[in-house]
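Asker: Sequence and predicted model, in that order:
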Amino acid sequence: MQKLSAQPATQSTLSRQPFLSALPILSALQWRYAVHRFSDEQLPANDVEALIEATRLSASAYGLQPYRVLQVDTREIRERLLPHAKGQDKIVYCSHLLVLAAETEPGDHTVARYMSLLAAARALTSDVRTGITRHMQSVLAGMTPAERAHWAREQVFIALGTLLAAAAGMHIDSCPMTGFDAAGVDQVLGLNAQGLSATALCALGRRHPEDDTALHAKVRLPTDAFVQVV
């Protein structure tokens, strides 16, 4: 394979930044940060429903969505999750807690579920449906079970990114978490029996006025180091 010669972003690329900065999403992403301390304010239920809908509409490979979202409202369950959250008590004290859980054994049943939805949504010939089915099945069959599970977790992170961007766009605070004991969370939520495993947690709410983290300058790679034009 020919090796591409990576170069820093060109001036023409960088010159687009003033235009991009006018986009509302960039302002929202500048505003957001990983909240350390949430206030006691509860988010309106319709705001949370909108965020879950945004997550449901997220991109995923082939649209297969090998994951689910659990909204954990019960205080007693959150407290049972706390020992598995490695000290991140915001899972108890945030307004809303979402758990994004990946399918542990995605396979033909994942494809069959998608094809059933596709058949209901689009008028496709039998030959086309068969071709799509065989292609997706062959892609998944080409992976080991561990690779398929890893692939499912990758799709979770795409959905998590959509969730965080949507929350920022609505000026709702969030904190994504991946540093937790997944086996413990799975046990508390009974995820194993559903063929799922917790992959990411996301606390939602309003930042506490005394959360000093909000005052920290955002630290990101400079654009000319982050992007390469090849």
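Answerer: In hand now; what should we look at?

Asker: Going by C-alpha atoms from here, please, whenever you check contacts or count neighbours.
Answerer: OK.

Asker: Check which helix or strand the residue nearest to residue 65 when sequence neighbours are not counted maps to.
Answerer: Distances taken as Cα to Cα, 6 or more residues apart in numbering put residue 155 closest to residue 65, at 7.1 Å, once the chain neighbours are dropped. Element membership for residue 155, per DSSP states H and E: helix 145-169.

Asker: Select the helix or strand of the protein having the lowest average pLDDT value.
Answerer: In the chain, no helix or strand scores lower on mean pLDDT, DSSP states H and E than strand 7-8, which sits at a mean of 45.

Asker: so what's residue 34 bridging to?
Answerer: residue 174 (DSSP bridges).

Asker: For the chain, which segments count as helices?
Answerer: 11-14, 17-20, 24-31, 45-56, 75-81, 90-93, 108-121, 126-141, 145-169, 182-189, 223-226 (DSSP state H).

Asker: The longest strand seen in the chain vs helix 182-189, what angle?
Answerer: With secondary structure taken from DSSP state E, the chain has its longest strand at strand 196-205. Interaxial angle of strand 196-205 relative to helix 182-189 (axes from the mean of the first three to the mean of the last three Cα atoms, to 10 degrees): 80 degrees.

Asker: hmm, who's touching strand 196-205?
Answerer: The contact list for strand 196-205, computed with Cα atoms under 8 Å, 6 or more residues apart in numbering, reads 38-39, 41-43, 67-68, 90-91, 94-104, 153, 156-157, 160, 172-178, 182-183, 185-186, 191.

Asker: do that again at 6 Å, thanks
Answerer: Judged by Cα atoms under 6 Å, 6 or more residues apart in numbering, the contacts made with strand 196-205 from elsewhere in the structure are 94-104, 173-178, 182, 186, 191.

Asker: Thanks a lot, see you next time.
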